[in-house]
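Undergrad: Below are the sequence and a predicted model; questions follow.
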Amino acid sequence: MAITIHIYYKGENGNARKFANEMIANGIVEKIRAENGNLRYEYFFPMNDHETVLLIDSWDSQNTLDVHHQSPMMQEIILLREKYDLHMKVERYVSADADAPETDHKYIRE
């Protein structure tokens with residue numbers, strides 16, 4: 001059962017994007033992507049809100065997410081959030097271990 005977390009980082013004066021850029025430049029993003037159980041770690045930028053960055057972070061289980069939260073990288077992330085004075089909105093999704101219903105497939109173009 002995969003867990004996907006959407007984290008909306010909100011700042012001022014471009015700080016959310018500066019945070020994402022520093023996460024990438026410092027190699028933290030690549031380290032997280034290399035962690036056991038990480039399925040996805042990507043930043044997105046809403047077209048109509050230049051002060052928000054969306055992180056989509058997915059893990060294969062709660063256990064691997066818990067291990068990630070105990071890693072030294074979390075302290076680095078916390079310090080960067082504080083440096084850029086970011087506020088967060090978090091949404092959490094747990095996958096159903098089944099495919100989408102057949103009725104949904106007519107709306108999906110692959």
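TA: Noted; the coordinates are in hand.
Undergrad: so how far is the helix or strand hosting Lys18 off the chain centroid?
TA: If you go by DSSP states H and E, Lys18 is part of helix 15-25. The chain centre lies 13 Å from the centre of helix 15-25; the measure is CA atoms, centre = their mean, to the nearest Å.
Undergrad: Can you list the buried residues in that helix?
TA: 15-20, 23 (16 or more other CB atoms under 10 Å). Bear in mind the C-beta positions are built from the backbone N, C-alpha and C, glycine included.
Undergrad: repeat for stretch 1-8
TA: If you call a residue buried by 16+ other CB under 10 Å, then stretch 1-8 has these buried ones: 2-3, 7-8.
Undergrad: one step back: which of the buried residues of helix 15-25 lies closest to Val53?
TA: Using CB to CB, Ala16 is the member of the buried residues of helix 15-25 that lies nearest Val53, at 4.1 Å.
Undergrad: And the closest one, how close does it get to His69?
TA: Here the criterion is CB to CB, to the nearest Å. By it, Ala16 lies 21 Å from His69.
Undergrad: coming back round to it: show me what the helix holding Lys18 packs onto, helices and strands only.
TA: Helix 15-25 is packed against strand 3-10, strand 52-59, helix 72-83, with contacts defined by 3 or more CB pairs under 8 Å, 6 or more residues apart in numbering; DSSP states H and E.
Undergrad: And for that helix, what's in contact with it?
TA: 9-11, 29, 43, 45, 50-53, 55, 77, 80-81, 83-86 (CB atoms under 8 Å, 6 or more residues apart in numbering).
Undergrad: What of stretch 43-52?
TA: Against stretch 43-52 from outside (CB under 8 Å, 6+ apart): 8-12, 14-17, 20, 23, 53-56.
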